[in-house]
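Chemist: Just to be clear, the model below is a prediction. Sequence and coordinates:
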Amino acid sequence: MVSSQDNKKAKAVGINHIALEVGDIDEALDFYSSFIDFEISRRSETAAFVYFGDQFINFILGRNQAPDERRHFGIAVDDKELARETLENMGIKFLDGQFLDFLDPWGNRVEITTYTNIQFTKADHILKGMGLGHLSKTEDAIAELRKKDMAP
C-alpha cells in the first residue's frame, strides 16, 4: 500500500462545509431551524450560510434533480431522540433502514446521528463555545478512535 506521504498529497483534515441545493432559501432556513439550532452567518436571495460552531451548511438556491436515494449527509446532534420527536411532530416520514434518515422538502437525504456515539470529534474549546461542553464520547466511540491511535 502506498501512503499519501509517498505521493506528496495534502492530507484531509475534515469537512468544513457542504453546499446544499434547495428550492427556497427562506423555506430551507425555516425547515432546518425547526429541528436543529444554528447561527445564520450570511444570507441573500440565492444563498445562506448556517454555522454549527466551526462548520457550516451553505444553502444554495436551485434544486432540480430527483430526490437522493443513497447520497446523503449526516448531522451530529446532542440529542437524537429530541430531533426524532421534533421531526415526527413536523410530519417527517423516515426512510427505511437502521438510521434516522429522511428527505428534506427538496429531496436532500439527511441522516441524524448522536455526537457522543460517533468518531467525529470537535475540540473541547469549540464544544464549550457552542454551549456543549458537557458532551463526552461513549466508550464505543473512544474504542473506535483508539484503534486509529486517536484517543488515549
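Modeler: Looks like it came in fine.
Chemist: contact partners of stretch 20-38?
Modeler: 40, 43-48, 50-52, 57-63, 65, 73, 75, 77, 83, 86-87, 90, 104-106, 108 (CB atoms under 8 Å, 6 or more residues apart in numbering). C-beta here means a position set from N, CA and C on the backbone, and glycine is covered the same way.
Chemist: Same question for it: list its buried residues.
Modeler: Neighbour counts over stretch 20-38 (16 or more other CB atoms under 10 Å) mark Leu20, Glu21, Val22, Ile25, Ala28, Leu29, Phe31, Tyr32, Phe35, Ile36, Phe38 as buried.
Chemist: tell me which element the closest residue to Asp104 other than its chain neighbours is part of?
Modeler: Spatial nearest neighbour of Asp104, chain neighbours left out: Val110 (5.8 Å); criterion: CB to CB, 6 or more residues apart in numbering. Element membership for Val110 (DSSP states H and E) is strand 109-114.
Chemist: need the next SSE after that strand, C-terminal direction.
Modeler: helix 124-129.
Chemist: burial count for the residue nearest to Asp104?
Modeler: Applying other CB atoms under 10 Å, we find 21 residues neighbouring Val110.
Chemist: so where's this structure uncertain?
Modeler: Along the chain, the parts satisfying pLDDT under 70 run over 1-6.
Chemist: At the geometric centre of it, which residue do we find?
Modeler: Ile75 (2.4 Å; CA atoms, centre = their mean).
Chemist: ok but that one is inside a helix, no?
Modeler: No: under the criterion used here (DSSP: H, G, I helix; E, B strand; the rest coil), Ile75 is strand, not part of a helix.
Chemist: Excluding chain neighbours, what is closest to it?
Modeler: Ile112 (5.7 Å).
Chemist: Please tell me I have it right and that neighbour contacts His72.
Modeler: No: the pair Ile112 and His72 fails to qualify as a contact (CB atoms under 8 Å) at a distance of 10.6 Å.
Chemist: More neighbours: which of these two?
Modeler: In this view Ile112 and His72 are compared by other CB under 10 Å, and Ile112 has more residues nearby, 21 against 15.
Chemist: State the distance from the more buried one to Ala83.
Modeler: 5 Å (CB to CB, to the nearest Å).
Chemist: Need the residues touching each of these two.
Modeler: What both Ile112 and Ala83 touch, as defined by CB under 8 Å, 6+ apart, is the set Val77, Leu100.
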